[in-house]
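*Asks:* Give me a model of this one.
(2 chains)
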Amino acid sequence: MKRYDLIVVGAGPAGLSAAIEAAQCGLNTVVFDENANPGGQLFKQVHKFFGSKEHKAKVRGFRIGSELLAEAQKLGIEVVLKATVVGLFPDKEITVRVDDTIRHYKGDTIVVATGAAENVVPFPGWTLPGVIGAGAAQTMMNLQGIVPGKKILMLGSGNVGLVVSYQLMQVGCEVLALVDAAPKIGGYGVHASKLARMGVPFYVSHTIMKAEGTDHVTGVTIGEVDKDWKIVHGTERHFDVDTICMAVGLSPMAQLFKMAGCQMEDSALKSGYVPVCNEYGETSIPGVFAAGDVSGVEEASSAMLEGRMASVAAAEYLGFITKAELAEKARKLKGALQSLREGMFAVENRDKILDKTEEGYDISKHLLKTGFFLEEELAKYPGVTKQNGIHAVIECSQNIPCNPCQDACPKGCIQIGAKITSLPVMDEGKTCNGCGLCVVSCSGQAIFLVNEEYEDGYASVTMPYEILPLPARGDKGWALDRSGEKVCQAEVVSVKTAPAFDHTHLLTIKVPQDMAMKARFFKGGSFYA
Amino acid sequence: MNMRITEHPILGKIEKGQLVKFTYNDTELMGYEGEPISAALRAAGVMVHRHTAKLGEPRGVFCAIGRCTDCVMVVNGKPNIRTCITPLTAGMSVQTQYGNAVNPNGKRRERYEKI
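*Replies:* Alright, predicted model coming up:
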């Protein structure tokens, strides 16, 4: 039986961060993961993260994964793959299945970071081939290089449903509808807006009634639900789809804690059955810690911080660092975690429909139902100003923990302030030079550059663009509004690409002047088709 | 209908291993060595991986990460192989699974019938 100072179960964002922090504190550490590749879900995440610099904001998930792996490697951390931890015992011993053998290890401390599993919603036909988890769609597209289907319906409008729908569109799939039984879109408004302006319709207060097909999915019927979650007769609607994706939440995979005899709780706020933990993630068994989704479903940024938190506590438990060092490290980590847990999407605001932002601005109800703003709502936000010449228009209306736009502007035009969830404010006293760095830094793709004086009678609109084929200068096509409707003809006048933009291109189109605040997406093709 | 992504707007060109032959039931198909068997099948348009033991219902990939076991097939004669996490190798034999068998009439698990 081999012995380690720390055994980490799971090589995702929480587990790798825990191992890195522990190794830096001097603990002899090993990581076990059941998968063939480390990194957990990070390598499927091709979108840019939210948060601030310390949370690796505006960095794409898979790059964060690579960074963590490189760091772990540099520290010489042992990562054992295809190794399923099948047992955790109260005295901090584990059993691991590798191939067809069971091995036995002892840890003086343990961090379990096993993550979460996707939930399902059963409906007639839900077991048909072609009904898949949203995570499966992401795995197929971004790891395996295949599309899960051509015509897709997404069930669930939380961030997973929104982000995966966008990724499906990026690889050429058609998302015919985004359906959610709740009366509002569950995820970030900015994620929903990306889909809405590409023409994806949202059906809130709707659910799937049945999947059609004998051998595989050939269609789906949805219907509206009333307050009691019953289908309203006569609201049935059919779509020809070959794939139905489910993004209906995640549940912590906390079986190992239960097995070890940790005190457990069933918590709706934490999305399921989780161990009872203290502020460091320590369970009722001293020296056994939980980090990441397994201790309550959040996202990768907080998982990384929780992993570090568990390890510094483990290091103190074993005497590698002093109580004072623990207090100092924990204070910083807690501050970073706290900032991620504030705002409109904080746990305490779940399922609430808020009327005002923290600053007192009206929250768009229209956005929550359709994924896009009405133009008259937009003008009220502090990031949306009307100025002469080129300037940024920030269509950001929710208190989300995110601030890269503030750092991106070399002219200091954008202010968020100390509170990371505050809405960005355009400083009208400063002059935008039209560099577009804010546009590419916005993880929510909610910033546009508008110049109403581009040419006599014409305005230019610069947007973030991540779809192939990339339009070229001189291409003609349609400007789409925020709802994905064609509103006018448009011509591409510039396409900027740079390594620092990280595959988000700056696409500038020329539109009639009165379309400057309407045109938000470009679709190539003949004017007369 | 090509299901393979050749160029991803963020990830760029998708690197794959070598194109190899394998058999699906008795048909010869091509796939990339090292990719999950399920990926090669999906690219070839195969959706049904198995039929359930009791009702004979079709099942395919659901989770794609080896958790749900809905995509199991008979691989090189061995049943219950999770095709979504088992890498394809040249010359592999992949067969639709009926219950635990490759034979549609073998729906019932004979072992259990004896008990």
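
*Asks:* can you pull the contacts of residue 96?
*Replies:* I'll assume chain A. A:32, A:80, A:83-86, A:102-105 (C-beta atoms under 8 Å, 6 or more residues apart in numbering or on different chains). To be clear about C-beta, it is placed using only N, CA and C from the backbone, and glycine gets the same treatment.

*Asks:* wrong chain, I was asking about chain B
*Replies:* Contacts of residue B:96 by C-beta under 8 Å, 6+ apart are B:25, B:48-51, B:73-74, B:102.

*Asks:* Could you export those residues to TSV, including columns for neighbour count, secondary structure and pLDDT?
*Replies:* Below are those laid out as TSV (neighbours: other C-beta atoms under 10 Å in any protein chain shown; DSSP: H, G, I helix; E, B strand; the rest coil; pLDDT from 0 to 100):
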residue	neighbour count	secondary structure	pLDDT
B:25	13	coil	96
B:48	17	coil	97
B:49	26	coil	98
B:50	26	strand	97
B:51	18	strand	95
B:73	26	strand	98
B:74	22	strand	97
B:102	16	coil	89
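
*Asks:* okay if I get the residues you listed as JSON lines plus distance to residue A:239?
*Replies:* Formatted as JSON lines, those follow (distance: C-beta to C-beta, whole Å):
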{"residue": "B:25", "distance to residue A:239": "31"}
{"residue": "B:48", "distance to residue A:239": "22"}
{"residue": "B:49", "distance to residue A:239": "25"}
{"residue": "B:50", "distance to residue A:239": "27"}
{"residue": "B:51", "distance to residue A:239": "27"}
{"residue": "B:73", "distance to residue A:239": "30"}
{"residue": "B:74", "distance to residue A:239": "34"}
{"residue": "B:102", "distance to residue A:239": "36"}
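
*Asks:* so which of the residues you listed are also by chain A?
*Replies:* B:48-49 (C-beta under 8 Å from any C-beta of the partner chain).

*Asks:* Residue A:305: helix or strand, and which one exactly?
*Replies:* helix A:300-317 (DSSP states H and E).

*Asks:* what distance separates that helix from the centre of its chain?
*Replies:* 21 Å (C-alpha atoms, centre = their mean, to the nearest Å).

*Asks:* following it, which helix or strand comes up?
*Replies:* For helix A:300-317, the following helix or strand on the C-terminal side (DSSP H and E) is helix A:323-340.

*Asks:* buried stuff in that next one?
*Replies:* In terms of neighbour count (16 or more other C-beta atoms under 10 Å in any protein chain shown), helix A:323-340 has its buried residues at A:326, A:329-330, A:333, A:336-337, A:339-340.

*Asks:* Could you export the helix or strand just after it as CSV, CA atoms only?
*Replies:* Moving toward the C-terminus from helix A:323-340, the next helix or strand (DSSP H and E) is helix A:365-370. What follows is helix A:365-370, C-alpha atoms only, in CSV (Å, rounded to 0.1, in the frame of the first residue of the first chain):
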residue,chain,number,x,y,z
LYS,A,365,-38.2,41.2,-19.0
HIS,A,366,-38.2,40.9,-22.7
LEU,A,367,-34.6,39.6,-22.7
LEU,A,368,-35.6,36.9,-20.2
LYS,A,369,-38.3,35.6,-22.5
THR,A,370,-36.8,36.1,-26.0
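
*Asks:* re earlier: out of the contacts of residue A:96, which comes closest to chain B?
*Replies:* Chain B lies nearest to residue A:84 out of the contacts of residue A:96, by C-beta to the nearest C-beta, at 9.8 Å.

*Asks:* related to what we said a few turns ago, of the contacts of residue A:96 - the most surrounded one?
*Replies:* Comparing these by number of neighbours (other C-beta atoms under 10 Å in any protein chain shown), residue A:32 comes first, having 24 neighbours.

*Asks:* pretty sure it contacts residue A:8?
*Replies:* Yes. Contact criterion C-beta atoms under 8 Å: residue A:32 and residue A:8 qualify, at 7.3 Å.

*Asks:* what's the longest helix in chain B?
*Replies:* The longest helix of chain B (DSSP state H) is helix B:37-43.

*Asks:* near chain B, which residues of the stretch 51-200 of chain A?
*Replies:* Looking at chain B, the residues of the stretch 51-200 of chain A close enough under C-beta under 8 Å from any C-beta are A:60, A:62, A:117-118, A:127-133, A:135-136, A:139-142, A:144-148, A:150, A:170-172.

*Asks:* hmm, which of these are the buried ones?
*Replies:* Here, 16+ other C-beta under 10 Å leaves A:60, A:62, A:117-118, A:127-133, A:135-136, A:139-142, A:144-148, A:170-171 buried among these.

*Asks:* give me the residue from the stretch 151-300 of chain A nearest chain B.
*Replies:* For the stretch 151-300 of chain A, C-beta to the nearest C-beta, closest residue to chain B: residue A:216, 4.2 Å.

*Asks:* which stretches of the stretch 1-150 of chain A form strands?
*Replies:* A:2-9, A:29-32, A:78-80, A:83-89, A:93-98, A:101-112, A:116-118, A:131-133 (DSSP state E, counting those that start in this stretch).

*Asks:* tell me the angle of the fourth one relative to strand A:93-98?
*Replies:* What that stands for is strand A:83-89. Per axes from the mean of the first three to the mean of the last three C-alpha atoms, to 10 degrees, the angle that strand A:83-89 makes with strand A:93-98 is 160 degrees.

*Asks:* From the chain's centroid, how far away is strand A:83-89?
*Replies:* 29 Å.

*Asks:* Contacts for it next, please.
*Replies:* Counting by C-beta under 8 Å, 6+ apart, A:9, A:32-34, A:93-98, A:102, A:110, A:112, A:114, A:256-257, A:259-260, A:288 sit against strand A:83-89.

*Asks:* Filter the buried ones among the residues of the stretch 51-200 of chain A next to chain B down to the ones in helices?
*Replies:* A:62, A:135-136, A:139, A:170.

*Asks:* show me where chain B has helices.
*Replies:* B:37-43, B:110-114.

*Asks:* Show me what the first one packs onto, helices and strands only.
*Replies:* Applying 3 or more C-beta pairs under 8 Å, 6 or more residues apart in numbering or on different chains; DSSP states H and E, we find helix B:37-43 packed against strand B:19-24, strand B:27-32.

*Asks:* Sketch out the low-pLDDT regions of chain A for me.
*Replies:* For chain A, the stretches flagged by pLDDT under 70 are A:526-529.

*Asks:* and the contacts of strand A:83-89, which are buried?
*Replies:* The buried subset of the contacts of strand A:83-89 - by 16+ other C-beta under 10 Å - is A:9, A:32-34, A:93-94, A:96-97, A:110, A:112, A:114, A:256-257, A:260, A:288.
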